[in-house]
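# need a structure here:
(one chain, ligands or ions: 1)
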Amino acid sequence: VRLFKMEKQADIFYRELPKVELHAHLNGSVSFQTIEKLIARKPHLNIEHNMTAIRNGQRRTMDECFRVFKVIHQLVDTEEDIFMVAKDVVNEFAADGVKYLELRSTPREEIKTGLTKRRYVETVLEAVKQCKGDGVDIDVRFLVAIDRRNGTEVAMETVKLAEDFMLSTDGLVVGLDLSGDPTVGHGRDLLPALVRAKNCGLKLALHLSEVPSQLEETELLLTLPPDRIGHGTFLHPDVGGSQTLVDAVVKNNIPLELCLTSNVKGQTVPCYSEHHFKFWYQMGHPSVICTDDKGVFSTDLSQEYELAATTFGLSHEDVWKLSQQAIDSAFPAFFKTWSHSSSFPRILYLKQ
Ligand code: 6MZ
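This next block holds a predicted model:
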């Protein structure tokens with residue numbers, strides 16, 4: 001049992017560092033403890049822990065990673081499940097020192113349980129509000145996700161849903177995510193939905209160039225342009241991307257959400273030292289360390305910062321700066337005040 005729990009905790013500096021998480025998929029972030037509660041609710045599914053998490057040292061193909069999400073979706077298929085999962089995830093990020101979180105999730109309907117996409121989003125937002133009411137020390141916003149495999153029509157419906165929520169939920173819904181298995185579907189079919197989202201004021205966080213075969217799609221989607229890029233693993237020329245793509249990202253100053261453990265365990269990056277964080281960070285381009293799926297990849301944001309620091313030789317001061325700059329890539333506009341308390345820094349945000 002212990003093997004599937006967090007295998008190692010990050011050093012105290014990284015845990016106490018105030019952090020900003022901008023790329024976290026709700027159902028990929030479900031912890032060992034929450035999975036245990038879900039399995040107890042649904043013993044008939046015969047799901048075991050090793051089907052929902054990839055331990056340290058293990059690797060999976062992307063296809064296998066996407067099968068893991070399907071297993072988790074089986075476990076999370078009622079309003080009660082979603083509420084519990086969202087509350088647990090928000091509490092866990094807060095316990096890890098995350099002060100600002102942009103959570104993303106794909107609205108799902110489940111005929112069997114009567115779950116609708118609208119209730120799905122409402123339930124996540126209710127959980128977020130309850131955490132706030134409970135005094136959990138974290139500020140949360142939500143991105144509605146489009147799963148690329150579901151095609152044009154569903155993408156457009158999802159944008160309309162996100163638009164409704166953006167207009168009616170006190171600023172909690174701030175944007176749209178494009179994610180899902182990168183080997184399935186093509187961005188050109190989703191372009192009308194993304195254009196609509198942009199025109200109505202939703203911010204766009206798009207998974208781009210997560211696998212090598214997406215050059216043409218990336219070129220097309222960069223014309224929007226997106227407000228942030230998820231992964232962007234194959235953008236730069238050394239890994240088969242192109243200088244034109246890099247130039248477009250730099251010219252538009254589009255921050256990258258970079259997820260070290262996810263990319264290494266999912267085998268799109270061969271090892272930590274070859275992670276594209278190095279390329280973008282050295283260039284001084286906005287690079288934000290994120291977890292992607294902290295449950296599935298058995299990690300947390302503190303560990304991701306520690307990994308980046310040990311792999312690329314970052315000092316505590318560099319790490320502090322990296323974490324501080326992440327807030328500039330958040331979707332809402334903030335006035336920031338960062339202050340140092342006696343031994344550890346604190347972060348305060350004031351909404352503009
Ligand atoms: C692309 C990913 C992903 O939406 O049910 N997702 N999409 N690349 C990744 N890298 C590993 N990790 C997660 O959370 C799970 C869903 O998030 C997307 C997939 O669509 C997955 O089904 P939600 O909360």
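# which parts of the stretch 1-150 of the chain sit against the ligand?
Residues of the stretch 1-150 of the chain that fall close to the ligand, judged by Cβ under 6 Å from any ligand atom: 25-28, 65, 69, 105-106, 145, 147. Bear in mind the C-beta positions are built from the backbone N, C-alpha and C, glycine included.
# just the buried ones from these, in PyMOL syntax?
The following PyMOL line selects those of these that are buried, judged by 16 or more other Cβ atoms under 10 Å:
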select buried, resi 25+26+27+28+65+69+105+106+145+147
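# of all the residues of the stretch 1-150 of the chain next to the ligand, which comes closest to Thr183?
Using Cβ to Cβ, Cys65 is the member of these that sits closest to Thr183, with 11.2 Å.
# which strands and helices sit next to the helix or strand encompassing the closest one?
Per DSSP states H and E, Cys65 falls inside helix 62-75. Using 3 or more Cβ pairs under 8 Å, 6 or more residues apart in numbering; DSSP states H and E as the contact test, the elements touching helix 62-75 are helix 32-41.
# who touches the helix it packs on?
For helix 32-41, the surrounding residues in contact (Cβ atoms under 8 Å, 6 or more residues apart in numbering) are 4-6, 30, 45, 47-49, 52-53, 72, 75-76, 81, 84-85, 88-89, 295.
# any idea how far Gly180 is from Lys70?
12 Å (Cβ to Cβ, to the nearest Å).
# go on, Lys112?
Computed as Cβ to Cβ, the Lys112 to Gly180 distance reads 22 Å.
# name the residue in these two with the higher neighbour count.
Gly180 (18 against 7; other Cβ atoms under 10 Å).
# point out where the chain drops to low pLDDT.
1-7, 333-352 (pLDDT under 70).
# that one: strands as residue ranges?
19-25, 98-105, 139-147, 173-179, 203-208, 228-231, 256-258, 287-289, 334-340, 345-351 (DSSP state E).
# contacting residues around the closest residue to Val124 other than its chain neighbours?
Spatial nearest neighbour of Val124, excluding adjacent residues (Cβ to Cβ, 6 or more residues apart in numbering): Ala86 at 4.7 Å. By Cβ under 8 Å, 6+ apart, Ala86 lies in contact with 26, 103, 123-124, 127-128.
# may I have the phi/psi pair for Val211?
phi -120, psi 160 (degrees, to the nearest 10).
# hang on, it packs against Asp63?
No: counting by Cβ atoms under 8 Å, Val211 does not reach Asp63; the two are 10.8 Å apart.
# which neighbours do those two share?
In contact with both Val211 and Asp63: Thr183, using Cβ under 8 Å, 6+ apart.
# out of these two, which sits in the busier spot?
Between Val211 and Asp63, counted using other Cβ under 10 Å, the more crowded position is Val211 (15 against 10).
# where's that one relative to the ligand, distance?
Distance of Val211 to the ligand, given as Cβ to the nearest ligand atom, to the nearest Å: 9 Å.
# Phe32 too?
17 Å.
# what of Asp293?
5 Å.
# now that residue. Nearest residue, chain neighbours left out?
Excluding its sequence neighbours, the residue lying closest to Asp293 (Cβ to Cβ, 6+ apart) is Gly28, at 2.6 Å.
# so the one you found touches Cys290, yeah?
No: counting by Cβ under 8 Å, Gly28 stays clear of Cys290, with 11.4 Å between them.
# which residue ranges of this protein form helices?
Along the chain, the stretches classed as helices by DSSP state H are 12-16, 32-41, 62-75, 79-95, 117-133, 151-168, 191-199, 215-221, 243-251, 260-265, 277-282, 301-312, 316-326.
# need the winner for burial among these.
Mean neighbour count (mean count of other Cβ atoms under 10 Å) peaks for helix 260-265 among these, with a mean of 23.
# list the helices and strands it packs on?
On a contact count with 3+ Cβ pairs under 8 Å, 6+ apart, helix 260-265 meets helix 301-312.
# quick one on the thing from earlier: what is the most widely separated pair among the residues of the stretch 1-150 of the chain next to the ligand?
Checking those with Cβ to Cβ, the most distant pair is Cys65 and Ser105, at 16.7 Å.
# got a list of what Asp189 touches?
Taking Cβ under 8 Å, 6+ apart as the test, what Asp189 contacts is 151-152, 155.
# now Ala205
By Cβ under 8 Å, 6+ apart, the contact list for Ala205 reads 22-23, 102, 104, 143, 175-178, 226-230, 257, 331.
# what's the nearest residue to it if we skip its chain neighbours?
Nearest residue to Ala205 in three dimensions, chain neighbours excluded: Arg228, at 4.5 Å (Cβ to Cβ, 6+ apart).
# and the one you found, how far is that from Leu178?
For Arg228 relative to Leu178 (Cβ to Cβ), the value is 11 Å.
# what do you get for Asp81?
Distance, Asp81 to Leu178, by Cβ to Cβ: 25 Å.
# ChimeraX command to pick out the buried ones of the contacts of Ala205?
Restricted to buried positions by 16+ other Cβ under 10 Å, the ChimeraX selection for those reads:
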select :22,23,102,104,143,175,176,177,178,226,227,228,229,230,257,331
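# nearest to Gly201 among the contacts of Ala205?
After measuring these against Gly201 - Cβ to Cβ - the closest member comes out as Gly175, at 9.3 Å.
# beta partners for the closest one?
Beta-bridge pairing of Gly175 under DSSP bridges involves Leu143, Lys203.
# who are the neighbours in contact with it?
102, 141, 143-144, 162, 202-205, 227, 331.
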